[in-house]
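1. here is my input, please return the structure:
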Amino acid sequence: MPRTFAGMISIRQCLEIMHSGAVFSLKVVAYDKRRKDKTGQVKEYREAVLVWGNGEKSRKTTPGERQPTALERSLLSEAPIQDTGRNPNHQWHYTRNIRLLMDGLPTESIKKTPPPLIIEFNGETTTP
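-> This is a model prediction of the structure:
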């Protein structure tokens, strides 16, 4: 385990907490290559969870999570798979999608966050 200092957390430790499915808070510096006026803004997310590829907060079903209704299951099974042509290239850009929470409940808001630009995680300053 890497040595840490009081009040500091490494990006690796941030990712471990994110991947565990735990709720976290973070501050991140925005970067946008096309819109220079957006670059450098500090964005704060008070409650969030990591979103996996299927839109869920973890790869396994968690206790207490609502199961889809029969109607939802039938609509999902009959819905054709649509290829939007979009590829977020999470591996290339080293980003993660996080779902924002409000009072512990998930919202529809999903944000793309690059872990190297996180400056504060769960109230602790990050280090590389």
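2. any low-confidence regions in the protein?
-> 1-5, 53-93 (pLDDT under 70).
3. sketch out the helices for it, chain order is fine.
-> With DSSP state H as the criterion, the chain has helices at 11-19, 70-78, 90-93.
4. pull the number of nearby residues for residue 31.
-> Taking other C-beta atoms under 10 Å as the criterion, the count of residues near residue 31 is 14. Every C-beta, even on glycine, is put in place using the N, C-alpha and C of the backbone.
5. now do residue 50
-> Neighbours of residue 50 using other C-beta under 10 Å come to 21.
6. what's the distance between it and residue 34?
-> 26 Å (C-beta to C-beta, to the nearest Å).
7. now residue 122
-> 31 Å.
8. the nearest residue to residue 30 once chain neighbours are set aside: neighbour count?
-> Spatial nearest neighbour of residue 30, chain neighbours left out: residue 41 (4.4 Å); criterion: C-beta to C-beta, 6 or more residues apart in numbering. A count of nearby residues for residue 41, using other C-beta under 10 Å, gives 11.
9. repeat that for residue 14.
-> Using other C-beta under 10 Å, residue 14 has 21 other residues around it.
10. what residues are bridge-paired with the residue nearest to it when sequence neighbours are not counted?
-> Nearest residue to residue 14 in three dimensions, chain neighbours excluded: residue 121, at 4.5 Å (C-beta to C-beta, 6+ apart). Beta-bridge partners recorded for residue 121 (DSSP bridges): residue 26, residue 124.
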